[in-house]
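Undergrad: model the following, please.
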Amino acid sequence: MQTPDRTTLLRELKNYLLLLEDVGYSEIPCETKLFAETGSLEPTIPSPVKIMASGKKATQLAQVREELGDCTRCKLSQGRKNIVFGSGNPQADLVFVGEGPGADEDEQGLPFVGRAGKKLTEIIEKGMNLDREKDTYICNIVKCRPPGNRDPEKEEIVACNPFLIQQLKAIKPKVVVALGKPAASTLLGRSVPITKERGTWHDYEGFKLMLTLHPAYLLRAYTVENRKAVHEDMKKVLKELGK
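TA: Below you'll find the predicted structure:
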């Protein structure tokens with residue numbers, strides 16, 4: 001049997017690490033066996049098949065990512081650095097859906113890692129007393145950064161929407177939270193006046209959907225009223241989750 005060359009091995013390793021990241025791992029899962037068993041204290045990394053078998057939801061989510069591939073279905077692909085698929089726990093009962101990646105997200109390939117992401121983490125961990133990585137999954141209505149952080153255009157949303165639906169159906173959360181007007185409007189299929197409709201429950205593909213303000217909006221309009229509004233919305237979410 002021919003040994004794979006260095007380039008092939010590096011490519012396979014990169015694909016494997018991307019797979020782990022996309023199905024929710026933030027660390028490489030290792031199994032350390034005792035020296036008496038193996039003659040070595042080196043950790044062993046489970047195969048992709050073993051990782052995939054660890055959960056049906058993670059498997060389905062990985063299949064969605066594989067189908068998305070190196071997407072060129074709309075013009076957003078022309079200017080992106082990275083596809084931002086999503087991150088968090090595939091087993092989570094709570095999914096946050098935002099608008100689209102910003103500069104930091106495009107650079108790192110992860111959703112909500114910039115200033116708005118830090119505010120979302122604060123809402124989740126301080127406001128809701130949940131763990132972002134363990135208790136939530138986070139994604140966007142489009143997977144590539146719109147130029148200049150503009151709102152996604154209709155054809156871009158249409159191109160990405162099937163993958164968003166598949167993501168949510170793979171995870172099967174108890175609650176989906178739409179962050180801001182573009183996300184709420186996309187999920188409900190109509191223009192949503194978010195400041196009027198935030199805090200209200202809706203149905204989306206059989207999931208309970210809560211509308212709230214986007215963390216970036218909070219940063220721009222950091223008023224007591226807006227902070228209280230989001231806090232009240234998240235209290236409703238926690239109640240629905242039985243927390």
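Undergrad: quick one, helices of the protein?
TA: Assigned by DSSP state H, the helices in the chain fall at 6-22, 35-38, 48-52, 56-68, 103-108, 115-122, 132-135, 154-171, 181-188, 194-197, 215-220, 224-241.
Undergrad: comparing the ones you listed, which yields the minimum mean pLDDT?
TA: When the helices of the chain are ranked by mean pLDDT, helix 35-38 comes last with a mean of 40.
Undergrad: out of the helices of the chain, which is the most enclosed?
TA: Across the helices of the chain, the average number of neighbours (mean count of other CB atoms under 10 Å) peaks for helix 181-188, which reaches a mean of 23. (Each C-beta comes from the backbone N, C-alpha and C, glycine too.)
Undergrad: so what angle separates the directions of that one and helix 154-171?
TA: Per axes from the mean of the first three to the mean of the last three CA atoms, to 10 degrees, the angle that helix 181-188 makes with helix 154-171 is 70 degrees.
Undergrad: which residues sit against helix 181-188?
TA: 97-100, 140-141, 151-152, 157, 161, 164, 176, 178, 191-194, 197, 202, 204, 209, 211, 214 (CB atoms under 8 Å, 6 or more residues apart in numbering).
Undergrad: put the alpha carbons of it into CSV.
TA: Output of helix 181-188 as CSV, limited to C-alpha atoms (Å, rounded to 0.1, in the frame of the first residue of the first chain):
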residue,chain,number,x,y,z
LYS,A,181,-34.4,42.7,11.5
PRO,A,182,-32.7,40.8,8.6
ALA,A,183,-32.6,37.5,10.4
ALA,A,184,-36.2,37.9,11.7
SER,A,185,-37.4,39.0,8.2
THR,A,186,-35.7,36.1,6.5
LEU,A,187,-37.1,33.5,8.9
LEU,A,188,-40.6,34.9,8.8
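Undergrad: outline the domain layout of this protein.
TA: Domains of the chain are assigned by automatic domain parsing as 1-54, 73-241.
Undergrad: buried ones among the contacts of helix 181-188?
TA: Neighbour-count burial (16 or more other CB atoms under 10 Å) is assigned, among the contacts of helix 181-188, to 97-100, 140-141, 152, 157, 164, 176, 178, 192, 194, 202, 204, 209, 211, 214.
Undergrad: need the domains of the chain in a markdown table with distance to residue 63, can you?
TA: Conversion of the domains of the chain to a markdown table gives the following (distance: least, CB to CB, whole Å):
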| stretch | distance to residue 63 |
| --- | --- |
| domain 1-54 | 9 |
| domain 73-241 | 8 |
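Undergrad: out of the ones you listed, nearest to residue 61?
TA: Evaluated with CB to CB, the domains of the chain place domain 73-241 nearest to residue 61, the distance being 4.5 Å.
Undergrad: now do the closest one: distance from first to last residue.
TA: Start and end residues of domain 73-241 are separated by 36 Å (CA to CA, to the nearest Å).
Undergrad: before we move on, what about stretch 215-231?
TA: 12 Å.
Undergrad: contact partners of it?
TA: Contacts to stretch 215-231, defined as CB under 8 Å, 6+ apart, come from residues 112, 115-117, 119-120, 123, 127, 179-180, 198-199, 212-213.
Undergrad: chain neighbours aside, what residue packs nearest to residue 99?
TA: residue 182 (4.4 Å; CB to CB, 6 or more residues apart in numbering).
Undergrad: roughly how far does the one you found sit from residue 172?
TA: 24 Å (CB to CB, to the nearest Å).
Undergrad: one more: residue 145?
TA: As judged by CB to CB, residue 145 and residue 172 stand 28 Å apart.
Undergrad: higher neighbour count, these two?
TA: residue 145 (25 against 16; other CB atoms under 10 Å).
Undergrad: tell me who's in contact with the more buried one.
TA: 76, 79, 80, 81, 84, 100, 101, 102, 103, 105, 106.
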